[in-house]
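Trainee: Sharing a model that was predicted from the sequence below.
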Amino acid sequence: MPFPVLHILGSAAVDGTGIARIVSGLSRELDRDRFKLHACFLCGDGALTKYLLENGVDARAVRLHENLLGPLRFVRLLREIKPAIVHQHSGGPRLTRLVRWASGAKIVVHVHGTIDEANMRHPEAINHRGADALIANSEAVARLVSGARAHLIHAGVETGYAFASGHPGQGLVIGTAGRLTEVKGHVYLIQAFARLINDFPNIRLEICGEGPNRAALEAEARRMNCADAISFLGWRNDYPTLALGWDMFVLPSIEESFGIALLEAMSTGLPSIASKVGGIPELLVDGVTGWLVPPRDVSALASRMRQLLNDQEGRLRMGHMARHRARDQFSLQRMAKKVEAVYDSVLR
């Protein structure tokens, strides 16, 4: 019988897609004779519950903080599944202690973030003493872990996409993807884009994602007189296939622990420009697969975008290098092999 593994996630809404993709990738690549994956969303049902079910994961949802019934339902689920391992992507040490009390499972805590988005501050340290193992999704995150050695496991993505080829004859398209929140820095991308449209009248900017900052960003585009050249696409289920129609990818984040959207863009052969923050330099090799720029630096961002817009050969060269890097260093298979080794270590 395979070992039951319960993945604990936060929101089942589409803004949690990155972590859900990691779980679905593990469901495809882990040895199914050894591990059976389950998932529980702690903030209620949503689109990602269906997404994981369609990808072979037994996905459920509870509302953990819904008075006393939430914790009771969660404990009941633990005792129904009887997991050998609980893989905790969301929730802090209190949740770890609850899992420890309610089950005999080994606990693997997976740390995905380097910043508290509510106040835009870094934590002084990340500490989960109650876990049997810690996974950090980047070296930047691993440096914040205290009290235990973290296993460094970068996310993996599909690497079999066709090459991005833009929209021939329709001008160049700059793309980005991510939640429309302050930490993602979209306002700086819009301001940089506005500096380019007079010299490149046929360029377009496509912003894939949704979030609380959308109205403010649309207003900024109007203020910068570039709204007609910008498309806000909302959440799209076809990303990164959507990126095949782009000519470059830009990630202007103020902070980013890793950057799954960037990695998926690389896997399609897109050159990228991204902020030199968090785990981004672990992905993007400056001058080889794209360009790194300081966060919030509109002038530097516009300059690098202009450079790539003017250099078709450079875009193709960097895109090829990016695709090879994604395939060789950040595949789903590589990620799953490392996670399986962590599972084996705690089961021993």
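Mentor: Done, it's in. Numbering: from 1, shown residues only.

Trainee: could you pull out the strands for the protein?
Mentor: Under the criterion DSSP state E, the chain carries strands at the ranges 3-9, 35-41, 58-61, 85-88, 106-111, 133-136, 150-152, 173-177, 204-208, 230-234, 248-251, 272-275, 290-293.

Trainee: Go through the ones you listed and name the closest to residue 310.
Mentor: strand 248-251 (11.7 Å; CB to CB). Backbone N, C-alpha and C define where each C-beta goes, glycine included.

Trainee: Contacts for the longest helix along the chain next, please.
Mentor: Determined from DSSP state H, the single longest helix within the chain is helix 312-329. The contact list for helix 312-329 (CB atoms under 8 Å, 6 or more residues apart in numbering) reads 154, 157, 159, 163-164, 247-248, 263, 265-272, 283-285, 288-290, 307-308.

Trainee: how about it: buried residues?
Mentor: 315, 318-319, 321-323, 325-327 (16 or more other CB atoms under 10 Å).

Trainee: quick revisit: make a PyMOL selection of the buried ones in the contacts of helix 312-329.
Mentor: Here is the PyMOL command that selects the buried residues among the contacts of helix 312-329 (16+ other CB under 10 Å):
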select buried, resi 154+157+159+164+247+248+263+265+266+267+268+269+270+271+272+283+284+289+290+308
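
Trainee: Tell me how many other residues crowd the closest residue to residue 2 other than its chain neighbours.
Mentor: Leaving aside its chain neighbours, residue 2 sits nearest to residue 36 (4.3 Å; criterion: CB to CB, 6 or more residues apart in numbering). By other CB atoms under 10 Å, the residues close to residue 36 number 20.

Trainee: Tell me who's in contact with residue 36.
Mentor: 2-5, 58.

Trainee: Next, work out how far apart it and residue 194 are.
Mentor: Separation of residue 36 from residue 194 (CB to CB, to the nearest Å): 51 Å.

Trainee: re earlier: among the contacts of helix 312-329, which ones are in helices?
Mentor: 263, 265-267, 283, 307-308.

Trainee: Tabulate the strands of the chain in TSV, adding columns for distance to residue 258 and mean pLDDT.
Mentor: Below are the strands of the chain laid out as TSV (distance: least, CB to CB, whole Å; pLDDT from 0 to 100):
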stretch	distance to residue 258	mean pLDDT
strand 3-9	16	97
strand 35-41	20	97
strand 58-61	23	96
strand 85-88	17	97
strand 106-111	11	95
strand 133-136	9	94
strand 150-152	11	93
strand 173-177	14	96
strand 204-208	18	97
strand 230-234	22	96
strand 248-251	11	98
strand 272-275	11	98
strand 290-293	15	98
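
Trainee: Just send those back as TSV, with distance to residue 95 too.
Mentor: Output for the strands of the chain, formatted as TSV (distance: least, CB to CB, whole Å):
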stretch	distance to residue 95
strand 3-9	7
strand 35-41	11
strand 58-61	15
strand 85-88	7
strand 106-111	9
strand 133-136	14
strand 150-152	18
strand 173-177	29
strand 204-208	31
strand 230-234	31
strand 248-251	30
strand 272-275	31
strand 290-293	35
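
Trainee: Which one of those lies nearest to residue 185?
Mentor: Using CB to CB, the strands of the chain put strand 272-275 closest to residue 185, at 6.6 Å.

Trainee: Note down every partner strand of that closest one and its orientation.
Mentor: Partner strands for strand 272-275, per DSSP bridges, with pairing direction: strand 248-251 (parallel), strand 290-293 (parallel).
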